[in-house]
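Visitor: make a model of this:
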Amino acid sequence: MQAPPMQAPPMQAPPMQAPPMQGPPIDAPAARRRAPRFTRGARDGFTLVEIIVVTVIIALVSTVAGLRIDSILPKERLNTSVRNLADTLRGVRSDAISRSLVFYVQYDLDNERYRVLSPFSLEGGLFQEGEDDDDERFVGPWKDLPDGVEFYSFNMAGRTWTAGEEMFARFDGKGTASDHQIVLTQPKYNTFYTVEVLALTGTFKFHQGDYEREAPDDLDFQ
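Guide: As a prediction, this is how the structure comes out:
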């Protein structure tokens, strides 16, 4: 018997390798700069101490700025007081006309303040003069004059009051009002300003100084 012929083992091709990819050279320092850096102790907010320090600085700056403005324009307090009083009188007159009712402005000469008395009751409906108690009337809050500004005098119907009483000025639905003058002063600077309310129209005029209207005489009617 003859042996079977010997067969050579199959030849294997070497594995194929992908060609190396070519690209721009890598800049190692730039790559390190672009890489995110995480450091120990990094935080997103502020500490309580930092917030307190910033708050104190803001408060100090605001205080210094306010004192500087007040020292530069000290007389502005009197002008502001006059404007605020005029705004109140204007609003009272407007409310009285729009509602066809009587409103009052109450002046407290001793405590340097004023407020509005409405014609309404706290329980609803109209306040009944002479029947309801005064504490049942709906009234506005007291408005204080700024520090250093005072009521100097109140003139109505030819009489002048400087202290000791609470005065009332009337505004009705027809637009008329109590004819009166209220004088404000800033004693530190010896300055005065007068707000004059006209009876027929309920409007008002402003006068620098302590203004007093002269009484009419016969020549005014000729």
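Visitor: give me the below-cutoff pLDDT ranges for the protein.
Guide: Scanning the chain with the threshold set as pLDDT under 70 gives 1-45, 63-74, 214-222.
Visitor: please enumerate the strands of it.
Guide: Secondary structure of the chain, counting by DSSP state E: strands at 103-108, 113-121, 137-139, 143-144, 150-156, 159-161, 166-171, 180-186, 191-197, 204-208.
Visitor: next, the buried residues of the first one.
Guide: This points to strand 103-108. Across strand 103-108, burial judged by 16 or more other C-beta atoms under 10 Å covers 103-107. The way it works is simple: take the backbone N, C-alpha and C, and place the C-beta from them, glycine included.
Visitor: measure the most centrally placed residue in the chain to Asp147 for me?
Guide: Centroid-nearest residue in the chain, with C-alpha atoms, centre = their mean: Asn84, separated by 13.1 Å. Relative to Asp147, Asn84 is positioned 14 Å away (C-beta to C-beta, to the nearest Å).
Visitor: can you check Lys174 too?
Guide: 38 Å.
Visitor: now do the contacts for the closest residue to Phe204 other than its chain neighbours.
Guide: Of all residues not flanking Phe204 in the chain, Val197 sits nearest, at 4.7 Å (C-beta to C-beta, 6 or more residues apart in numbering). Neighbouring residues of Val197 by C-beta atoms under 8 Å, 6 or more residues apart in numbering: 89, 169, 177-182, 203-204.
Visitor: columns distance to Ser153 and neighbour count on top of those residues, output as TSV?
Guide: Listed next are the contacts of Val197 as TSV, based on distance: C-beta to C-beta, whole Å; neighbours: other C-beta atoms under 10 Å:
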residue	distance to Ser153	neighbour count
Leu89	17	22
Ala169	14	21
Ala177	18	24
Ser178	15	17
Asp179	15	18
His180	11	22
Gln181	8	20
Ile182	8	25
Thr203	21	13
Phe204	16	19
